[in-house]
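Chemist: My questions concern the predicted model and sequence given below.
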Amino acid sequence: MMDNIYMDLNFNILKHNVTGKSSKIVVLTDPNTTKYCLPVLKKYLKNVDFLHLEIPVDESTKNIKTIVYIWKLLLENHIDRHGLVINLGGGVLSDTGGFAASTYKRGISYINIPTTLLAMVDASIGGKTGINFLGIKNQIGSIQQPEGIYINPLFLNTLPEEEIKSGRAEMFKHGLIASYDHFQKLLNTSPIPEDGLIIESAQIKNEIIQKDPEENGLRRILNFGHTFGHAIESFLREMGNPVTHGHAVAIGILLESYLSTLYAGLSVKEFEKIQDFILQNYEIPEFDSDNLDNSLIHLMHHDKKNKSGEIRFVLLNKIGSAAYDYVIDKKDIKRVINTFLV
Ligand SMILES: NC(=O)c1ccc[n+]([C@@H]2O[C@H](COP(=O)([O-])OP(=O)(O)OC[C@H]3O[C@@H](n4cnc5c(N)ncnc54)[C@H](O)[C@@H]3O)[C@@H](O)[C@H]2O)c1
């Protein structure tokens, strides 16, 4: 147990924590988690009374229309201020369900039951919720901590391989920014990491959040790989050639690690270790653009770490240690894009 994060293999802790606590429990799912995960949860929560609502959401509909849809369902089902929302799904569902809950009637409680690897180690933790706006990732949102996060790796048995790889990218990031030991273990783990490694990764994120819940400083290091990663993810989605969030972040990690050698003292030897892992596990996507550097820079200007119009990066000093607020010369941003992506 880490504060309110539980490895809950038979959902006994969840059952204990929710029984008799709220006026009504609503379980939100997306179409896949209705099919693959809800039956598992139902089996364990036999005597818990809850209402199930399916939300037709994926990354392309992680937007205000879906939030309005959820608010409407909550209202029509008479969910009051003492209701509880349980998000049973990946990061898209917990970001959207969490945002809907955090704004409905000025905020009701919610719980995350992550069903993807990425959500187990990252998206379900930290209380950031939100949606995409005008084609740009996570522009509108809130910070409200979930009441609890209940991790059960059983759900990974039905998760497609691409999604496992997506989650591994965020675990890899946790090693790079905060733990050489975690990084090393990930180089040698099986495709689905062992339970202990999943919890270790969740713990790394959680420790950073505990020190800086509102992202006034340190928490920004969790965005390593995401300045390029979010721009790449948004660009490819607009082009009709989407990749998973983690795949985009993995490419972002490669580019930002290279910048780290120029600006933050990462050694070339360590950069090459990172590069080898990324290129062995993730393909460089097809971008099909004559003006990729300017297009990505345009998208990066919307990054939430920026200040006064400058694009700010998190960079590595060495594997296991990161620092934030690096302002990078545009010519180096273009150089790294043109070296690795074109
Ligand atoms: N709030 C945060 O701190 C934070 C952090 C990282 C990422 N995110 C967000 O998370 C999102 C990505 O989350 P994700 O990678 O979990 O993707 P996702 O939620 O889109 O899930 C990936 C796919 O797997 C399906 N799925 C989920 N669980 C399944 C299961 N057990 N078996 C079979 N299929 C299953 C989903 O329906 C979906 O099609 C992005 O929108 C990203 O911005 C948020």
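Modeler: Noted; the coordinates are in hand. This structure is a prediction, so every number in the text was calculated from the model and none was measured.

Chemist: Could you verify my assumption that Y150 touches N10?
Modeler: No. In this structure Y150 lies outside contact range of N10 using CB atoms under 8 Å: 10.7 Å. Any C-beta I mention is one placed from the backbone N, CA and C, and that applies to glycine too.

Chemist: Pick out whichever of those two has more residues nearby.
Modeler: Y150 (26 against 11; other CB atoms under 10 Å).

Chemist: For the strand or helix carrying the more buried one, which strands pair with it and how are they oriented?
Modeler: Counting by DSSP states H and E, the element that carries Y150 is strand 148-151. Using DSSP bridges, strand 148-151 pairs in its sheet with strand 5-7 (parallel), strand 109-114 (parallel).

Chemist: show me what contacts the residue of the chain positioned farthest from its centre?
Modeler: The outermost residue of the chain, judged against the average C-alpha position, is N47 (31.7 Å), by CA atoms, centre = their mean. Counting by CB atoms under 8 Å, 6 or more residues apart in numbering, N47 touches K15.

Chemist: can you tell me how far it sits from the ligand?
Modeler: From N47 across to the ligand, the span is 24 Å (CB to the nearest ligand atom, to the nearest Å).

Chemist: and that residue, helix, strand or coil?
Modeler: State at N47, reduced to three classes by DSSP: H, G, I helix; E, B strand; the rest coil: coil.

Chemist: In terms of pLDDT, where does it sit?
Modeler: On pLDDT, N47 comes in at 88.

Chemist: residues touching the closest residue to the ligand within the stretch 201-342 of the chain, list them.
Modeler: With CB to the nearest ligand atom, the shortest gap between the stretch 201-342 of the chain and the ligand falls at H245, namely 4.1 Å. Applying CB under 8 Å, 6+ apart to H245 gives the contacts E59, G91, L118, S166, G229, E233.

Chemist: Need the per-residue pLDDT for the second one.
Modeler: You'll see G91 listed with a pLDDT of 97.

Chemist: what's the neighbour count on the closest residue to it other than its chain neighbours?
Modeler: Nearest non-adjacent residue to G91, counting by CB to CB, 6 or more residues apart in numbering: A123, 3.0 Å away. Per other CB under 10 Å, the neighbour tally for A123 reads 26.

Chemist: same check, this time on the one 10 residues further on
Modeler: Around F133 sit 15 other residues, with neighbours defined as other CB under 10 Å.

Chemist: List the residues that contact P114.
Modeler: Contacts of P114 by CB under 8 Å, 6+ apart are G89, G90, G91, S94, M120, A123, S124, I149, I151, F155.

Chemist: next one: A123
Modeler: G90, G91, S94, D95, P114, T116 are the contacts of A123 under CB under 8 Å, 6+ apart.

Chemist: The last one contacts G167, correct?
Modeler: Yes. Between T116 and G167 there is a contact under CB under 8 Å: 6.0 Å.

Chemist: would you say V85 is within a strand?
Modeler: Yes. Counting by three-state DSSP, V85 is part of a strand.

Chemist: how near is it to T96?
Modeler: 11 Å (CB to CB, to the nearest Å).

Chemist: Tell me which stretches of this protein form helices.
Modeler: Assigned by DSSP state H, the chain shows helices spanning 12-18, 31-36, 38-44, 64-76, 91-103, 117-118, 161-178, 180-187, 195-211, 226-238, 245-263, 268-281, 292-300, 330-340.

Chemist: Go through the strands paired with strand 148-151 and name the closest to the ligand.
Modeler: It is, among the strands paired with strand 148-151 and with distance given as CB to the nearest ligand atom, strand 109-114, at 7.3 Å.

Chemist: And the ligand, is the closest one touching that?
Modeler: No. Taking CB under 6 Å from any ligand atom as the criterion, strand 109-114 and the ligand are apart, separated by no less than 7.3 Å.

Chemist: what angle sits between that strand and helix 195-211?
Modeler: 150 degrees (axes from the mean of the first three to the mean of the last three CA atoms, to 10 degrees).

Chemist: Figure out how far strand 109-114 is from the centre of its chain.
Modeler: 14 Å (CA atoms, centre = their mean, to the nearest Å).

Chemist: partners of L88 in the sheet?
Modeler: I113.
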